[in-house]
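Enquirer: Need the 3D shape of this:
(chains A, B, C and D)
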2 protein chains.
Amino acid sequence: MQIGEAARRAGLTVKTVRYYANIGMVTPRQNMVTGYRDYAEGDVAKLQFVGKARKFDFSVEECRELLGLYEDRNRPSREVKAMTLKKIDEIDRRLAELQSLKDELSGLASACDGDNRPDCPILNALSGK
Amino acid sequence: MQIGEAARRAGLTVKTVRYYANIGMVTPRQNMVTGYRDYAEGDVAKLQFVGKARKFDFSVEECRELLGLYEDRNRPSREVKAMTLKKIDEIDRRLAELQSLKDELSGLASACDGDNRPDCPILNALSGK
DNA sequence: GTAAGCCTTCCCCCAAGGGGAAGGTAAAGG
DNA sequence: CCTTTACCTTCCCCTTGGGGGAAGGCTTAC
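Expert: Numbering: from 1, shown residues only, chains lettered A, B, ... in the order given. Presented below is the predicted three-dimensional model:
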């Protein structure tokens, strides 16, 4: 099938699918007559796989690894689990960062009257006063 | 002072400070003899201000706005508070996203034995089986 | 004399594609 | 048969916030 249908079925944009072909992540055959990319069912499955993994915040490089594991019928599930736990760890760290950021900003916001007067604790904090 | 000292005092890299000059965020005078950027005390204060705001996850464009408010001695604190609340809102949304992501990944990870066998619920989930 | 330590501009690089131009092709409608 | 529409292709620039490094110019210290 052509790239448009493959993209629709994978829930991705044509641009994205073409990008994945360019970086060698999901490489369809080429129709020798038209020069168009020719996607097989297996390619669509891979695209869907990558699409989901991306939604789970795996980077493109990580997706490439996961795809390798996905295609290897004999890989140990240990490797996949390790990547997943690592990703969970990253998310945890990012959560903590964002939470502390939010706490600080909330503290500043609640100290600020937010009225028409120029005095502003938020700006004072940012300027180190 | 020269850019190196200004950067040190603001806790930023020279590259970053030069970047801020290029995009017109903190624009020092120019030493007409050497052609070097010439930073005044006020410039360093602005650099520090921007550095802190960036740590609070404000984008460069938002920093530019905040800097404008910071320099306007008559601005109402209302505007600054509004930006801060908006930023808190963004952080909240991102927190929720990450949390649900983490929940899903955690569910998958705990369903996966992580042993040497090839069967892997994580890959199964990603491939939609 | 030259090495060190500043500074300058200039250009390419990252992630993960998006937007759009220019041009080729295929099927459907009039 | 001709044209419109809907595909597809490659190519190049754009995004965020700078990092890395080259090539060149300066002063100062040894």
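
Enquirer: Most proximal residue of chain A with respect to DNA strand D?
Expert: Nearest residue of chain A to DNA strand D (CB to the nearest atom of the strand) works out as residue A:4 at 2.5 Å. Bear in mind the C-beta positions are built from the backbone N, C-alpha and C, glycine included.

Enquirer: what's the spacing between that residue and residue A:39?
Expert: As for residue A:4, its distance to residue A:39 is 10 Å (criterion: CB to CB, to the nearest Å).

Enquirer: what about those two, which has more around it?
Expert: Neighbour count, other CB atoms under 10 Å in any protein chain shown: between residue A:4 and residue A:39, residue A:39 has more, with 24 against 12.

Enquirer: returning to that earlier point: next, give phi and psi for the residue of chain A closest to DNA strand D.
Expert: Main-chain dihedrals, residue A:4, degrees, to the nearest 10: phi -60, psi -50.

Enquirer: Could you double-check that it sits in contact with residue A:15?
Expert: No. At 11.4 Å, residue A:4 does not count as touching residue A:15 under the criterion of CB atoms under 8 Å.

Enquirer: thought residue A:39 was touching residue A:27?
Expert: No. With contacts counted by CB under 8 Å, residue A:39 stays clear of residue A:27, the gap being 10.0 Å.

Enquirer: so what sits against both of the two?
Expert: Residues touching both residue A:39 and residue A:27 (CB atoms under 8 Å, 6 or more residues apart in numbering or on different chains): none.

Enquirer: Which pLDDT value belongs to the residue of chain A closest to DNA strand D?
Expert: At residue A:4, the pLDDT value in this model is 94.

Enquirer: Can you tell me, leaving aside adjacent residues, what's nearest to it?
Expert: Nearest non-adjacent residue to residue A:4, counting by CB to CB, 6 or more residues apart in numbering or on different chains: residue A:14, 6.0 Å away.

Enquirer: Having no further points to raise, I will conclude here.
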